[in-house]
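In: next input, structure requested:
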Amino acid sequence: MPNASRLQQRLRLFDAVTIVAGSMIGSAIFFALSIMAQWVQTPGILIGLWVFAGVFTILGTLAFGELAGMFPHAGGQYVYLREAYSAFWGFLFGWTQFVVVQTGFNAAVAIAFAKYLGSLVPVLGEDHVLLVIPLAQRLPSVVRAAMPEWLHFFTINSAQCVACGVIAVLTAVNIRGVREGALVQNLFTVLKLVALAALIAAGLMRSSDWAHFVPLWEPVAGPAVSWKPGEGALQTAFLAGLAVALSKALFAYDAWNTVTFVAEEVHDSERTLPRAMLLGSLLVTGVYVLANVAYLAVLPIAEIAAVPENRVAQQVAEKLFGAVGSTLVIVAILISTFGCVNGMILGGARVNYAMAREGLFFRACSKLHPRNGTPAVALVYQGAWSMLLALTGSYSALLTYTTFASVFFGGLTVAAVFWLRWRQPHRPRPYRCWGYPITPAAYLVICLAFLVYVIQGAPRETGFGMLLILSGVPFYWWWRGKRGLPAG
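Out: This next block holds a predicted model:
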């Protein structure tokens, strides 16, 4: 029987790599190119965006690796921000993870799982509506206009219920034990990589018509880009569209930092975590770039942009294998999204656990399961909130909220590498950021540019994301006051 007074070190390098890769590869790789092609219709630039997002991610892992070696504790990024700046910034990160980022990803990917399951079993799909409540009907018109579209009507359909079921099942598996959660992660990550490798190989071998890649670099705006005639207007609109397209690629790469949350449960985590983040990110970058090259080799860019419901991988598989190809891709997506949700559930609850044991979250979340040694209460809290988001939020809105918050806190964490080099120059660093100071500086420049453009491209959703971050401020002061902790 494990010692339930502390987290157990039961994860090794392979487990850590599958948490990185499995949490990153969800549903986005199967449909994101179609959304991106609605904004940018230059094949070379689109592939370049996937490469760029991969390099951006790898730059982040290099910086995070140094912090992971310095602070091998449960909570990962929460601990880095707390140690570098203050408990306030660590709390805002943890609060945002709980309120929207980690739980929002759980909900969004679980909804994607349910959506594709509905393709095989229609009664479980989004079209099978169970309940509709008109929330905005009796509100003043000014209030209605300010409300997000998805809040006008509270609708529950079968897909949302399936998504809640997936979250509940995987939460139960991870309460059972970190080893059980890791075994599920290992299995589903290997299966999804095999499925993607088969699709990539078939796409690259089948097509010999590289005309789909012409024009390779000439900027061509997609139909979603709107602009008014004027000097430089098209170029400005194209750049804004480029930023929106990049946000979809960044969403596909997100969650690579999830493995830092389980640092206390990884053997020799000071050295294992930096290697796992780098290996996992390199693997996923290679898979993503090759998959999108394969999609473009099979379908022309205009057809990709017009694919119904953005199901580009499904369309490619139908072209390659006939009707059975569609079913095979749906099964691959179900495997991929199921494994992705498991990885995020496994890691995410450790942040709430770390906050709770320091008095900055619900006290119950600091307790470990008496037999399994897992943060069972924190897992239940995370699962319950994820299910609430699945029942109330649209997939597109969740994607925008999580991308902005993720990049913001990612930039703040990478900046901590500079800050700690200055404040704590003699602290042991088992791993030092490769390419310092150039690589972390490049990451920060890209972060700043992306945040500026995403604010311009989706101001309402981004504003809502900012408010969610700031909503943690009163809770921070409340918890600090309740525990009698100092304000600093």
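
In: pLDDT-wise, which helix or strand of this protein ranks last?
Out: Lowest on mean pLDDT, DSSP states H and E among the helices and strands of the chain sits helix 141-146, with a mean of 70.

In: report the distance from the biggest helix by length in the chain to the chain centre.
Out: Criterion DSSP state H: the longest helix present in the chain is helix 323-357. Helix 323-357 sits 10 Å away from the centroid of its parent chain (C-alpha atoms, centre = their mean, to the nearest Å).

In: same check on stretch 24-33?
Out: Chain-centre distance of stretch 24-33: 10 Å, with C-alpha atoms, centre = their mean.

In: number of residues surrounding the residue lying closest to T258 once chain neighbours are set aside?
Out: Nearest residue to T258, sequence neighbours excluded (C-beta to C-beta, 6 or more residues apart in numbering): G347, at 3.8 Å. Backbone N, C-alpha and C define where each C-beta goes, glycine included. By the measure other C-beta atoms under 10 Å, the count of residues near G347 is 29.

In: was I right to think G347 contacts F261?
Out: Yes. Using C-beta atoms under 8 Å, G347 is in contact with F261, at 4.0 Å.

In: quick check: neighbours shared by these two?
Out: By C-beta atoms under 8 Å, 6 or more residues apart in numbering, G347 and F261 have these common neighbours: G76.

In: and the strands in the stretch 101-250 of the chain?
Out: All strands of the stretch 101-250 of the chain, identified by DSSP state E, counting those that start in this stretch, fall at 129-134, 153-157.

In: just name the most buried of those.
Out: Counting by mean count of other C-beta atoms under 10 Å, strand 153-157 has the highest mean neighbour count of the strands of the stretch 101-250 of the chain, with a mean of 16.

In: got the angle for it vs strand 129-134?
Out: Counting by axes from the mean of the first three to the mean of the last three C-alpha atoms, to 10 degrees, strand 153-157 lies at 170 degrees to strand 129-134.

In: only alpha carbons, please: show strand 153-157 as PDB.
Out: Written as PDB, here are the backbone C-alpha positions of strand 153-157 (Å, rounded to 0.1, in the frame of the first residue of the first chain):
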ATOM      1  CA  PHE A 153     -29.900  30.100 -24.700                       C
ATOM      2  CA  PHE A 154     -28.900  27.400 -22.200                       C
ATOM      3  CA  THR A 155     -29.000  24.200 -24.300                       C
ATOM      4  CA  ILE A 156     -28.200  20.700 -23.300                       C
ATOM      5  CA  ASN A 157     -27.700  18.100 -26.000                       C
END
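
In: could we number from 39 for the rest of this?
Out: OK, 39 is where the count begins now, so the last one is strand 191-195.

In: and it, what other elements does it pack with?
Out: If you count contacts as 3 or more C-beta pairs under 8 Å, 6 or more residues apart in numbering; DSSP states H and E, strand 191-195 packs onto strand 167-172.

In: below-threshold pLDDT in the stretch 289-438 of the chain: ranges please.
Out: Low-confidence segments of the stretch 289-438 of the chain (pLDDT under 70): 431-438.

In: how far away is V379 from V161?
Out: 22 Å (C-beta to C-beta, to the nearest Å).

In: oh, that last question was meant for A344, not what I typed.
Out: 28 Å.

In: between these two, tell me which one has more neighbours.
Out: Neighbour count, other C-beta under 10 Å: between A344 and V161, A344 has more, with 15 against 8.

In: next, the more buried one: phi, psi?
Out: When read as degrees, to the nearest 10, the backbone of A344 gives phi -100, psi 10.

In: where exactly do the helices run in the stretch 289-438 of the chain?
Out: All helices of the stretch 289-438 of the chain, identified by DSSP state H, counting those that start in this stretch, fall at 307-336, 339-343, 350-359, 361-395, 414-430, 433-461.

In: I figured G381 hits Q223, correct?
Out: Yes. Between G381 and Q223 there is a contact at 5.3 Å, judged by C-beta under 8 Å.

In: so what's in contact with those two at the same time?
Out: 56-57, 60.

In: about what we covered before: would you turn the strands of the stretch 139-288 of the chain into JSON lines with distance to S65 and mean pLDDT?
Out: What follows is the strands of the stretch 139-288 of the chain, written out as JSON lines (distance: least, C-beta to C-beta, whole Å; pLDDT from 0 to 100):
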{"stretch": "strand 167-172", "distance to S65": "22", "mean pLDDT": "80"}
{"stretch": "strand 191-195", "distance to S65": "18", "mean pLDDT": "80"}
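
In: what would these look like in CSV with distance to A416?
Out: Shown next, in CSV, are those (distance: least, C-beta to C-beta, whole Å):
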stretch, distance to A416
strand 167-172, 30
strand 191-195, 26
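
In: between those strands, which gets nearest to W77?
Out: strand 191-195 (27.9 Å; C-beta to C-beta).

In: partners of the closest one in the sheet?
Out: When pairing is defined by DSSP bridges, strand 191-195 lines up against strand 167-172 (antiparallel).

In: show me the contacts for F151.
Out: F151 sits next to 65, 200-201, 204, 371-372, 375-376, 379 when contact means C-beta under 8 Å, 6+ apart.

In: gap between it and V367?
Out: Separation of F151 from V367 (C-beta to C-beta) stands at 14 Å.

In: just P475 next, same as before
Out: To V367, P475 is 43 Å away according to C-beta to C-beta.

In: which of these two has more neighbours?
Out: Between P475 and V367, counted using other C-beta under 10 Å, V367 has the larger neighbour count: 25 against 11.

In: isn't that one right next to L237, touching?
Out: Yes. Here V367 lies in contact with L237, judged by C-beta under 8 Å, at a distance of 7.2 Å.

In: need the residues touching each of these two.
Out: With contacts defined as C-beta under 8 Å, 6+ apart, the residues shared by V367 and L237 are 351, 354-355.

In: and P172, bridged to which residues?
Out: Applying DSSP bridges, one finds that P172 bridges with F191.

In: more crowded one of G381 and Q223?
Out: G381 (32 against 28).

In: what residues are up against the residue nearest to the more buried one when sequence neighbours are not counted?
Out: Excluding the flanking residues, the one nearest G381 by C-beta to C-beta, 6+ apart is S61, at 3.5 Å. For S61, the contact set (C-beta under 8 Å, 6+ apart) comprises 293-294, 296-297, 378, 381-382, 385.

In: contacts only, for G421.
Out: 144, 205-206, 209, 383.
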